[in-house]
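my questions concern the predicted model and sequence given below.
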Amino acid sequence: MSEQKYKHVIAVAVDGGGAFLKVADTPCFDRIFEKGAVTYEALSSRPTISAECYGSMLTGTGPEIHGLTNEIVSTRQYPTDSPFPSLFRRIRKVMPDAELGSFCDWNPITYGIVENDLDVSHDTARDEQLTPLICDYIKDKKPVFLFVQMDSVDGAGHTFGYGTKKHLDRITEVDKLVNDVYNAAAEAGILDETLFMVITDHGGYQTGHGGWTDGEKYVTFGAVGKGVKNNAIQEMNIRDLAAIVLYALGIESPAFEEQGWTSQIPADIWEDAAIPKYRDISHLTGAAPRISKNAHTSALI
Ligand SMILES: [Zn+2]
């Protein structure tokens, strides 16, 4: 391990939020990341569907490598011997006693992308019900790594259309929940030692997603914590979340390899000469688009 930069890393994923956080009213996001590194032009995975996207965030590979689809993650536990283990497995390997948590409204993330033999704390419920459980968990356990997924914004997109007032209003509601999670870290007394992030998996077009229109492919990312530059991130892909988390915890990432680990640390988050130059991986994002019209768990609107 190299230097552990943060004792705690919290990542909150807003499903179906795309880059719409930029146009929605998000006073909490704006305040939390005022001094952080932010982009509304990070690239999603292709196809822009949740399992493909979370698979990328948590394994540091593209969909053509991890092979996960909504159907697969909903029906099969993630193999414990995959050559592309989840971030949780990579952390567990070097931090055998670390408290790790996965609190997702869309529970197939916890069962279908995170291996089940890692002693990861978890719970699932709709966003509004899950958030108090997450806050209690943070205050009680002070996790080393916590992954959160909120699903209701995607549900509103499927029901009312992405970018419509009702979709944007739902983002504003989830913004308050993100704030609750952030405040819980403050109440737990760990905020000074925490890297706090918000990410979206994909956006949408009309009432679906899966394709590669701007509304679908551009996503939001924000990071804040000690040492994070106050910057607009120029280039980022959602699979970079994996490299970011490992770097923050002082765990070495696998070597970049086009047929495997393609997660990188964007150039504009930290000042560190040891961070390799960011590579253009656009030629690796060519999987055929499929269109998803179905919300997964999101009836909450
Ligand atoms: Zn969806």
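Cool, the structure landed.

past the lengthiest helix in the chain, which element shows up next along the chain?
For the chain, the longest helix by residue count, based on DSSP state H, is helix 165-187. Next helix or strand after helix 165-187 toward the C-terminus (DSSP states H and E): strand 194-199.

that following strand pairs with which strands?
For strand 194-199, sheet partners with direction are given as strand 8-14 (parallel), strand 218-224 (antiparallel), following DSSP bridges.

for residue 201, which of these is the nearest?
For the strands paired with strand 194-199, proximity to residue 201 was assessed by CB to CB; strand 8-14 is nearest, at 5.9 Å. C-beta: built from backbone N, CA, C; applies to glycine.

quick check: angle from the closest one to helix 165-187?
Here strand 8-14 runs at an angle of 170 degrees relative to helix 165-187 (axes from the mean of the first three to the mean of the last three CA atoms, to 10 degrees).

just the C-alpha atoms of strand 8-14, please, in PDB.
Backbone C-alpha positions of strand 8-14 (Å, rounded to 0.1, in the frame of the first residue of the first chain) are rendered in PDB as follows:
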ATOM      1  CA  HIS A   8     -13.100   7.000   4.700                       C
ATOM      2  CA  VAL A   9     -14.500   7.100   1.200                       C
ATOM      3  CA  ILE A  10     -18.200   7.600   0.500                       C
ATOM      4  CA  ALA A  11     -19.700   7.400  -3.000                       C
ATOM      5  CA  VAL A  12     -23.300   8.200  -3.600                       C
ATOM      6  CA  ALA A  13     -24.700   7.200  -7.000                       C
ATOM      7  CA  VAL A  14     -27.900   8.900  -8.300                       C
END
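
count of residues packed around residue 179?
By the criterion of other CB atoms under 10 Å, residue 179 has 17 neighbours.

nearest residue to it other than its sequence neighbours?
residue 28 (3.6 Å; CB to CB, 6 or more residues apart in numbering).

can you get me a residue count around that neighbour?
Going by other CB under 10 Å, the residues that sit close to residue 28 add up to 20.

contacting residues for the closest residue in space to residue 23 that isn't next to it in sequence?
Once flanking residues are discounted, residue 23 sits nearest to residue 168: 6.5 Å by CB to CB, 6+ apart. Counting by CB atoms under 8 Å, 6 or more residues apart in numbering, residue 168 touches 20, 23, 24, 25.

let's have the strands paired with strand 194-199 in a markdown table, adding mean pLDDT, mean neighbour count and distance to residue 205.
What follows is these, written out as a markdown table (pLDDT from 0 to 100; neighbours: other CB atoms under 10 Å; distance: least, CB to CB, whole Å):
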| stretch | mean pLDDT | mean neighbour count | distance to residue 205 |
| --- | --- | --- | --- |
| strand 8-14 | 98 | 26 | 17 |
| strand 218-224 | 97 | 25 | 11 |
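
among the contacts of residue 168, which ones are buried?
20, 24 (16 or more other CB atoms under 10 Å).

among the contacts of residue 168, which pair sits farthest apart?
20 and 25 (11.0 Å).

what touches both of these two?
With CB under 8 Å, 6+ apart as the test, residue 20 and residue 25 both reach 168, 171.

phi, psi of the spatially closest residue to residue 171 that is not a sequence neighbour?
Using CB to CB, 6+ apart and skipping the chain neighbours, the partner closest in space to residue 171 is residue 24 (3.8 Å). Dihedral angles of residue 24 (phi, psi; degrees, to the nearest 10) stand at phi -70, psi 160.

for residue 24, give me the pLDDT.
Residue 24 carries a pLDDT value of 98.

kindly report the same for residue 3.
88.

that one and residue 250 touch, don't they?
Yes. Counting by CB atoms under 8 Å, residue 3 touches residue 250, with 5.2 Å between them.

so between these two, which is more surrounded?
Taking other CB under 10 Å, residue 3 and residue 250 do not tie; residue 250 has more neighbours (14 against 9).

quick one, what contacts that one?
Residue 250 neighbours (CB under 8 Å, 6+ apart): 1, 2, 3, 4, 5.

farthest pair in these?
So, the contacts of residue 250 by CB to CB: farthest apart are 1 and 5, at 10.9 Å.

out of the two, which sits in the busier spot?
Per other CB under 10 Å, whichever of residue 1 and residue 5 has more neighbours is residue 5, with 18 against 10.

so what's the spatially closest residue to the more buried one that is not a sequence neighbour up against?
Leaving aside its sequence neighbours, residue 5 sits nearest to residue 248 (CB to CB, 6+ apart; 5.3 Å). Contact partners of residue 248, counting by CB under 8 Å, 6+ apart, are 5, 6, 9, 195, 225.

just the helices in the protein please.
Using DSSP H, helices in the chain cover 27-32, 50-59, 63-66, 70-75, 87-94, 108-112, 127-141, 152-160, 165-187, 214-217, 240-248.
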